[in-house]
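# Any chance you can model this:
(2 chains)
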Amino acid sequence: MTISPDALVLWRWGWLHINATLVFTWAIMALLVGGSWLVTRRLSHGPHISRWQNLLEVLVTGIRDQIRQVSHQDPGRYLPFVGTLFLFIGAANLLTVVPGYHPPSASLSTTTALALCVLVAVPIYGIASEGVIDYLRKYTRPTVLMLPFNIIGELSRTLALAVRLYGNIMSGTVIVAILLGLAPLLFPIVMRLLGLLTGMIQAYIFAVLAMVYIASASAVRGEGESTGNEG
Amino acid sequence: MDSVSLIGMVSVLAAGLSVAIGSIGPALGEGRAVGEAVSAMAQQPDEAGNISRTLFVGLAMIESTAIYCFVVAMILIFANPFWDRVVAGG
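Alright, predicted model coming up:
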(Lines give C-alpha, C1' and ligand atoms only; values in the text may rest on other atoms or scores of the structure.)
Protein backbone atom coordinates (compact mmCIF):
# COMPACT_ATOMS: atom_id res chain seq x y z
CA MET A 1 0.00 0.00 0.00
CA THR A 2 1.37 3.41 -0.90
CA ILE A 3 0.48 6.38 1.25
CA SER A 4 1.46 8.95 -1.35
CA PRO A 5 0.97 9.18 -5.12
CA ASP A 6 4.58 10.39 -5.22
CA ALA A 7 5.71 6.80 -4.81
CA LEU A 8 3.73 5.70 -7.85
CA VAL A 9 6.15 6.22 -10.74
CA LEU A 10 4.38 5.88 -14.07
CA TRP A 11 7.28 6.58 -16.43
CA ARG A 12 11.00 6.93 -15.92
CA TRP A 13 13.79 8.04 -18.21
CA GLY A 14 17.20 8.49 -16.67
CA TRP A 15 16.90 10.86 -13.74
CA LEU A 16 13.46 11.97 -14.89
CA HIS A 17 10.68 10.26 -12.96
CA ILE A 18 7.10 11.09 -13.87
CA ASN A 19 4.97 10.10 -10.90
CA ALA A 20 1.21 10.06 -10.48
CA THR A 21 1.20 13.42 -8.67
CA LEU A 22 2.71 15.23 -11.63
CA VAL A 23 0.49 13.53 -14.19
CA PHE A 24 -2.76 14.19 -12.36
CA THR A 25 -1.79 17.75 -11.43
CA TRP A 26 -1.23 18.56 -15.10
CA ALA A 27 -4.42 16.72 -16.03
CA ILE A 28 -6.42 18.87 -13.61
CA MET A 29 -4.78 22.05 -14.84
CA ALA A 30 -5.50 21.07 -18.44
CA LEU A 31 -9.09 20.25 -17.52
CA LEU A 32 -9.66 23.56 -15.74
CA VAL A 33 -7.95 25.72 -18.35
CA GLY A 34 -9.33 23.84 -21.34
CA GLY A 35 -12.83 23.72 -19.92
CA SER A 36 -12.86 27.42 -19.14
CA TRP A 37 -11.46 28.23 -22.59
CA LEU A 38 -14.11 26.12 -24.30
CA VAL A 39 -16.92 27.72 -22.31
CA THR A 40 -15.73 31.31 -22.59
CA ARG A 41 -15.23 31.12 -26.37
CA ARG A 42 -18.86 32.01 -27.00
CA LEU A 43 -20.15 34.19 -24.20
CA SER A 44 -23.53 35.82 -24.59
CA HIS A 45 -25.07 38.82 -22.89
CA GLY A 46 -28.64 38.01 -23.81
CA PRO A 47 -31.31 36.31 -21.77
CA HIS A 48 -30.34 32.91 -23.22
CA ILE A 49 -27.00 31.70 -21.93
CA SER A 50 -25.55 28.25 -22.36
CA ARG A 51 -25.66 25.95 -19.37
CA TRP A 52 -21.87 25.84 -19.06
CA GLN A 53 -21.66 29.63 -19.01
CA ASN A 54 -24.32 29.52 -16.34
CA LEU A 55 -22.18 27.11 -14.30
CA LEU A 56 -19.11 29.33 -14.53
CA GLU A 57 -21.13 32.43 -13.64
CA VAL A 58 -22.54 30.71 -10.57
CA LEU A 59 -19.04 29.65 -9.51
CA VAL A 60 -17.48 33.07 -10.00
CA THR A 61 -20.29 34.99 -8.31
CA GLY A 62 -20.30 32.50 -5.44
CA ILE A 63 -16.56 32.87 -4.88
CA ARG A 64 -16.83 36.66 -5.14
CA ASP A 65 -19.59 36.71 -2.52
CA GLN A 66 -17.63 34.50 -0.15
CA ILE A 67 -14.49 36.64 -0.52
CA ARG A 68 -16.49 39.80 0.10
CA GLN A 69 -18.06 38.34 3.24
CA VAL A 70 -14.74 37.11 4.63
CA SER A 71 -12.57 40.11 3.85
CA HIS A 72 -15.12 42.99 3.84
CA GLN A 73 -13.25 44.34 0.83
CA ASP A 74 -13.71 44.45 -2.91
CA PRO A 75 -13.12 40.88 -4.09
CA GLY A 76 -11.63 41.82 -7.47
CA ARG A 77 -8.00 41.76 -6.38
CA TYR A 78 -8.22 38.48 -4.51
CA LEU A 79 -10.45 36.58 -6.90
CA PRO A 80 -7.71 35.22 -9.22
CA PHE A 81 -5.57 33.78 -6.43
CA VAL A 82 -8.17 32.53 -3.96
CA GLY A 83 -10.55 31.35 -6.66
CA THR A 84 -7.80 29.38 -8.37
CA LEU A 85 -6.83 27.74 -5.10
CA PHE A 86 -10.43 26.74 -4.44
CA LEU A 87 -11.10 25.45 -7.94
CA PHE A 88 -7.86 23.50 -8.15
CA ILE A 89 -8.22 21.79 -4.77
CA GLY A 90 -11.93 21.22 -5.31
CA ALA A 91 -11.35 19.64 -8.71
CA ALA A 92 -8.45 17.57 -7.36
CA ASN A 93 -10.63 16.19 -4.57
CA LEU A 94 -13.85 15.74 -6.54
CA LEU A 95 -12.21 13.81 -9.38
CA THR A 96 -11.71 10.87 -7.01
CA VAL A 97 -14.99 9.57 -8.46
CA VAL A 98 -13.00 8.67 -11.58
CA PRO A 99 -11.58 5.14 -11.30
CA GLY A 100 -7.81 4.91 -11.35
CA TYR A 101 -7.39 8.50 -10.24
CA HIS A 102 -5.03 9.41 -7.42
CA PRO A 103 -5.73 12.85 -5.95
CA PRO A 104 -2.55 14.94 -6.12
CA SER A 105 -3.63 16.66 -2.91
CA ALA A 106 -2.92 13.38 -1.10
CA SER A 107 0.77 14.13 -1.67
CA LEU A 108 2.60 16.35 0.78
CA SER A 109 4.58 18.00 -2.01
CA THR A 110 1.45 19.36 -3.74
CA THR A 111 -0.05 20.75 -0.55
CA THR A 112 3.29 22.23 0.51
CA ALA A 113 3.53 23.99 -2.83
CA LEU A 114 0.04 25.42 -2.41
CA ALA A 115 0.79 26.53 1.17
CA LEU A 116 4.03 28.18 0.02
CA CYS A 117 2.00 30.08 -2.58
CA VAL A 118 -0.12 31.43 0.29
CA LEU A 119 3.01 32.24 2.32
CA VAL A 120 4.35 34.32 -0.57
CA ALA A 121 1.02 35.88 -1.50
CA VAL A 122 0.36 37.28 1.99
CA PRO A 123 3.26 39.80 2.00
CA ILE A 124 2.70 40.61 -1.68
CA TYR A 125 -0.91 41.62 -1.08
CA GLY A 126 -0.01 43.28 2.20
CA ILE A 127 2.78 45.39 0.69
CA ALA A 128 0.66 46.23 -2.34
CA SER A 129 -2.08 47.66 -0.17
CA GLU A 130 -0.05 49.31 2.62
CA GLY A 131 3.52 49.84 1.51
CA VAL A 132 6.65 48.12 2.80
CA ILE A 133 7.11 50.09 6.02
CA ASP A 134 3.55 49.77 7.25
CA TYR A 135 3.45 46.10 6.38
CA LEU A 136 6.67 45.30 8.24
CA ARG A 137 5.50 47.37 11.21
CA LYS A 138 2.61 44.95 11.62
CA TYR A 139 5.06 42.31 12.79
CA THR A 140 6.08 44.44 15.77
CA ARG A 141 2.52 44.88 16.96
CA PRO A 142 1.49 45.06 19.81
CA THR A 143 5.12 45.30 21.02
CA VAL A 144 8.52 44.60 19.53
CA LEU A 145 8.75 41.61 21.86
CA MET A 146 6.14 39.85 19.75
CA LEU A 147 8.30 39.96 16.61
CA PRO A 148 9.68 36.38 16.81
CA PHE A 149 6.26 34.99 17.70
CA ASN A 150 4.65 36.70 14.73
CA ILE A 151 7.28 35.24 12.41
CA ILE A 152 6.91 31.77 13.95
CA GLY A 153 3.14 32.08 13.60
CA GLU A 154 3.53 32.91 9.91
CA LEU A 155 5.61 29.79 9.34
CA SER A 156 3.60 27.43 11.52
CA ARG A 157 0.30 28.34 9.89
CA THR A 158 1.86 27.56 6.51
CA LEU A 159 2.86 24.15 7.84
CA ALA A 160 -0.63 23.70 9.26
CA LEU A 161 -2.24 24.55 5.91
CA ALA A 162 -0.10 21.99 4.11
CA VAL A 163 -0.45 19.19 6.63
CA ARG A 164 -4.20 19.74 7.11
CA LEU A 165 -5.06 19.31 3.45
CA TYR A 166 -2.59 16.46 3.02
CA GLY A 167 -3.77 14.63 6.13
CA ASN A 168 -7.45 14.88 5.29
CA ILE A 169 -7.17 13.67 1.70
CA MET A 170 -4.52 11.05 2.47
CA SER A 171 -6.56 9.66 5.36
CA GLY A 172 -9.53 9.33 3.00
CA THR A 173 -7.60 7.27 0.49
CA VAL A 174 -5.86 5.18 3.17
CA ILE A 175 -9.15 4.39 4.90
CA VAL A 176 -10.68 3.29 1.59
CA ALA A 177 -7.64 1.12 0.89
CA ILE A 178 -7.84 -0.51 4.33
CA LEU A 179 -11.59 -1.07 4.05
CA LEU A 180 -11.13 -2.70 0.64
CA GLY A 181 -9.22 -5.42 2.46
CA LEU A 182 -11.66 -5.74 5.36
CA ALA A 183 -15.19 -5.19 4.03
CA PRO A 184 -15.00 -4.74 0.28
CA LEU A 185 -18.71 -4.71 -0.56
CA LEU A 186 -20.32 -1.41 0.46
CA PHE A 187 -18.23 0.35 3.07
CA PRO A 188 -15.54 1.72 0.71
CA ILE A 189 -18.25 3.45 -1.35
CA VAL A 190 -19.71 5.08 1.75
CA MET A 191 -16.27 6.25 2.82
CA ARG A 192 -15.64 7.58 -0.71
CA LEU A 193 -18.85 9.61 -0.44
CA LEU A 194 -17.65 10.98 2.89
CA GLY A 195 -14.31 11.67 1.22
CA LEU A 196 -16.03 13.75 -1.47
CA LEU A 197 -17.71 15.82 1.25
CA THR A 198 -14.50 16.34 3.24
CA GLY A 199 -12.62 17.08 0.03
CA MET A 200 -15.01 19.87 -0.85
CA ILE A 201 -14.96 21.23 2.72
CA GLN A 202 -11.17 21.15 2.76
CA ALA A 203 -11.01 23.06 -0.53
CA TYR A 204 -13.37 25.65 0.94
CA ILE A 205 -11.38 25.86 4.17
CA PHE A 206 -8.06 26.21 2.36
CA ALA A 207 -9.42 29.08 0.27
CA VAL A 208 -11.11 30.78 3.24
CA LEU A 209 -8.00 30.50 5.41
CA ALA A 210 -5.83 31.89 2.62
CA MET A 211 -8.31 34.73 2.29
CA VAL A 212 -8.32 35.36 6.05
CA TYR A 213 -4.52 35.49 6.16
CA ILE A 214 -4.33 37.82 3.18
CA ALA A 215 -7.11 40.02 4.54
CA SER A 216 -5.47 40.28 7.96
CA ALA A 217 -2.22 41.35 6.31
CA SER A 218 -3.83 43.89 4.00
CA ALA A 219 -6.72 45.08 6.14
CA VAL A 220 -7.61 48.71 6.30
CA ARG A 221 -6.11 50.07 9.47
CA GLY A 222 -8.23 49.80 12.61
CA GLU A 223 -10.33 47.07 11.03
CA GLY A 224 -9.84 43.35 10.84
CA GLU A 225 -6.95 43.26 13.28
CA SER A 226 -8.66 40.54 15.21
CA THR A 227 -8.94 38.23 12.20
CA GLY A 228 -7.35 34.92 12.96
CA ASN A 229 -3.63 34.53 13.11
CA GLU A 230 -3.42 31.01 14.44
CA GLY A 231 -4.03 27.61 13.01
CA MET B 1 15.58 -8.35 22.04
CA ASP B 2 17.27 -7.03 18.92
CA SER B 3 16.77 -3.47 17.83
CA VAL B 4 14.60 -4.28 14.80
CA SER B 5 11.83 -5.92 16.79
CA LEU B 6 12.16 -3.31 19.53
CA ILE B 7 11.73 -0.47 17.03
CA GLY B 8 8.83 -2.24 15.35
CA MET B 9 7.05 -2.83 18.64
CA VAL B 10 7.54 0.69 19.93
CA SER B 11 6.47 2.18 16.58
CA VAL B 12 3.21 0.26 16.45
CA LEU B 13 2.44 1.05 20.09
CA ALA B 14 3.27 4.70 19.66
CA ALA B 15 1.20 4.95 16.47
CA GLY B 16 -1.86 3.51 18.18
CA LEU B 17 -1.40 5.65 21.26
CA SER B 18 -0.87 8.84 19.28
CA VAL B 19 -4.16 8.44 17.44
CA ALA B 20 -6.03 7.26 20.54
CA ILE B 21 -4.83 9.98 22.89
CA GLY B 22 -4.56 12.65 20.24
CA SER B 23 -8.17 12.38 19.19
CA ILE B 24 -9.59 12.94 22.69
CA GLY B 25 -8.95 16.66 22.79
CA PRO B 26 -10.18 17.50 19.29
CA ALA B 27 -13.28 15.35 19.82
CA LEU B 28 -14.22 17.27 22.96
CA GLY B 29 -13.42 20.57 21.29
CA GLU B 30 -15.40 19.82 18.14
CA GLY B 31 -18.41 18.67 20.12
CA ARG B 32 -18.35 21.83 22.16
CA ALA B 33 -17.93 24.02 19.08
CA VAL B 34 -20.79 22.38 17.20
CA GLY B 35 -23.03 22.56 20.26
CA GLU B 36 -22.38 26.25 20.75
CA ALA B 37 -22.89 26.92 17.04
CA VAL B 38 -26.21 25.06 16.96
CA SER B 39 -27.54 26.93 19.96
CA ALA B 40 -26.36 30.20 18.44
CA MET B 41 -28.15 29.33 15.20
CA ALA B 42 -31.30 28.47 17.12
CA GLN B 43 -31.22 31.87 18.78
CA GLN B 44 -30.36 33.83 15.64
CA PRO B 45 -31.49 31.98 12.50
CA ASP B 46 -30.72 35.04 10.38
CA GLU B 47 -27.02 34.70 11.12
CA ALA B 48 -26.93 31.00 10.21
CA GLY B 49 -24.74 31.52 7.14
CA ASN B 50 -22.17 33.54 9.03
CA ILE B 51 -22.11 31.15 11.97
CA SER B 52 -21.76 28.04 9.86
CA ARG B 53 -18.89 29.53 7.85
CA THR B 54 -17.03 30.42 11.03
CA LEU B 55 -17.92 27.00 12.41
CA PHE B 56 -16.38 25.22 9.42
CA VAL B 57 -13.17 27.21 9.61
CA GLY B 58 -12.97 26.63 13.35
CA LEU B 59 -13.67 22.93 12.98
CA ALA B 60 -10.87 22.66 10.43
CA MET B 61 -8.48 24.28 12.88
CA ILE B 62 -9.54 22.01 15.74
CA GLU B 63 -9.45 18.99 13.51
CA SER B 64 -5.95 19.73 12.29
CA THR B 65 -4.54 18.75 15.69
CA ALA B 66 -6.09 15.30 15.30
CA ILE B 67 -4.80 15.19 11.73
CA TYR B 68 -1.26 15.87 12.98
CA CYS B 69 -1.52 12.87 15.27
CA PHE B 70 -2.79 10.78 12.37
CA VAL B 71 0.08 11.89 10.14
CA VAL B 72 2.58 11.03 12.87
CA ALA B 73 0.99 7.58 13.21
CA MET B 74 1.15 7.06 9.44
CA ILE B 75 4.82 8.09 9.40
CA LEU B 76 5.56 5.68 12.26
CA ILE B 77 3.88 2.79 10.45
CA PHE B 78 4.66 3.33 6.77
CA ALA B 79 7.69 5.62 6.57
CA ASN B 80 9.55 5.08 9.83
CA PRO B 81 13.02 6.61 9.45
CA PHE B 82 14.53 4.65 12.38
CA TRP B 83 13.22 1.39 11.01
CA ASP B 84 14.63 2.16 7.56
CA ARG B 85 17.99 3.03 9.06
CA VAL B 86 18.25 -0.11 11.18
CA VAL B 87 17.11 -2.36 8.32
CA ALA B 88 19.49 -0.69 5.87
CA GLY B 89 22.36 -0.85 8.37
CA GLY B 90 22.00 -4.60 8.68
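# So, low pLDDT: which residues of chain B?
Where chain B drops to pLDDT under 70, the residues are B:90.
# in chain A, which spans are helices?
Applying DSSP state H to chain A gives helices spanning A:20-40, A:51-71, A:79-94, A:108-130, A:132-137, A:147-182, A:187-217.
# swap in chain B?
With DSSP H as the criterion, chain B has helices spanning B:3-22, B:24-43, B:48-78, B:81-89.
# What distance do you get for A:V190 to A:V174?
Distance of A:V190 to A:V174, computed by C-beta to C-beta, to the nearest Å: 16 Å. C-beta: built from backbone N, CA, C; applies to glycine.
# More neighbours: those two, which one.
Neighbours of A:V190 and A:V174, each counted by other C-beta atoms under 10 Å in any protein chain shown, are more numerous for A:V174; the result is 18 against 11.
# what's the pLDDT at the more buried one?
pLDDT for A:V174: 84.
# same deal with A:E225?
44.
# Could you give the number of residues near the closest residue to A:V97 other than its chain neighbours?
Spatially, and ignoring its direct neighbours in sequence, A:V97 is nearest to A:L196 (7.0 Å; C-beta to C-beta, 6 or more residues apart in numbering or on different chains). Counted with other C-beta under 10 Å, the neighbours of A:L196 add up to 16.
# can you check the one 3 residues further on too?
Applying the criterion other C-beta under 10 Å, we find 26 residues in the vicinity of A:G199.
# Spell out for me which residue occupies the centre of the chain.
Here I'm looking at chain A. A:L85 (4.0 Å; C-alpha atoms, centre = their mean).
# oops, chain B please
Central residue of chain B (C-alpha atoms, centre = their mean): B:A66, at 1.6 Å.
# wait, what's in contact with that residue?
Contact analysis of B:A66 by C-beta atoms under 8 Å, 6 or more residues apart in numbering or on different chains lists B:22-23, B:25-27.
# Just the closest residue of chain B to chain A, please.
Proximity to chain A, evaluated over chain B using C-beta to the nearest C-beta, is greatest for B:I67 at 3.6 Å.
# With adjacent residues omitted, what lies nearest to that residue?
A:G167 (3.6 Å).
# Enumerate every residue touching that neighbour.
B:64, B:67-68, B:70-71.
# A:I49 and A:L55 touch, don't they?
No: using C-beta atoms under 8 Å as the test, A:I49 is too far from A:L55 to be in contact (10.0 Å).
# What about A:P47, how many residues nearby?
Other residues near A:P47 come to 5 when the count uses other C-beta under 10 Å.
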